[in-house]
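Engineer: Let me see the structure of the following:
(one chain, ligands or ions: 2)
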Amino acid sequence: MEKAFTQRYSEDRSQGHLQFTFYCGLCGGKYTAPAAEMPGKRGLFPGRSWKKAYRAAFDAAQEDAREHFNRCVSCKQWVCDQDFNPDFGLCMACDPGKGG
Ligand SMILES: [Zn+2]
Ligand SMILES: [Zn+2]
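Structural biologist: Ligands and ions are numbered 1, 2, ... in the order given. Next up is the predicted model:
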């Protein structure tokens, strides 16, 4: 597995497609990026060209997913909109003004 900007992500390689899902660092809420078409048939991935295509698809998926997450300036975690206070740039775990 490559290193993603979120702490957790998963990939789906079914049907000749490659699709990445990224998870919020706090609640585990997920965002799934659009699937990328991959060279080769299902289960038959030729080495080098596939790796290159994988890398490109992974980068594109991360770029897309970044729009759906927010980076906490304190703990540097990427969290979903519900777990983020844009006024302070803090996630709910770091936000001192959080209720409860
Ligand atoms: Zn969340
Ligand atoms: Zn935080």
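
Engineer: in this protein, which residue is closest to the centre?
Structural biologist: Phe22 (3.0 Å; CA atoms, centre = their mean).

Engineer: mind listing what Phe84 touches?
Structural biologist: Phe84 sits next to Asn70, Cys72, Leu90, Cys91, Met92 when contact means CB atoms under 8 Å, 6 or more residues apart in numbering. (Each C-beta comes from the backbone N, C-alpha and C, glycine too.)

Engineer: check those against ligand 2, which are close?
Structural biologist: Residues of these in contact with ligand 2 (CB under 5 Å from the ion): Cys72, Cys91.

Engineer: Name the member of the contacts of Phe84 with the most neighbours.
Structural biologist: The residue in these with the most neighbours, by other CB atoms under 10 Å, is Cys91 (25 neighbours).

Engineer: The residue nearest to the centre of the chain contacts Glu63, doesn't it?
Structural biologist: No. If you go by CB atoms under 8 Å, Phe22 and Glu63 don't touch, sitting 11.2 Å apart.

Engineer: quick one, longest strand in the protein?
Structural biologist: Using DSSP state E, we find that the single longest strand of the chain is strand 17-23.

Engineer: coming back round to it: quick one: the residue nearest to the centre of the chain from Ala65, how far?
Structural biologist: 4 Å (CB to CB, to the nearest Å).

Engineer: what residues are shared contacts of the two?
Structural biologist: Phe5, Thr6, Tyr31, Ala33.

Engineer: ok, how many other residues are close to the last one?
Structural biologist: Neighbour count of Ala33, defined by other CB under 10 Å: 22.
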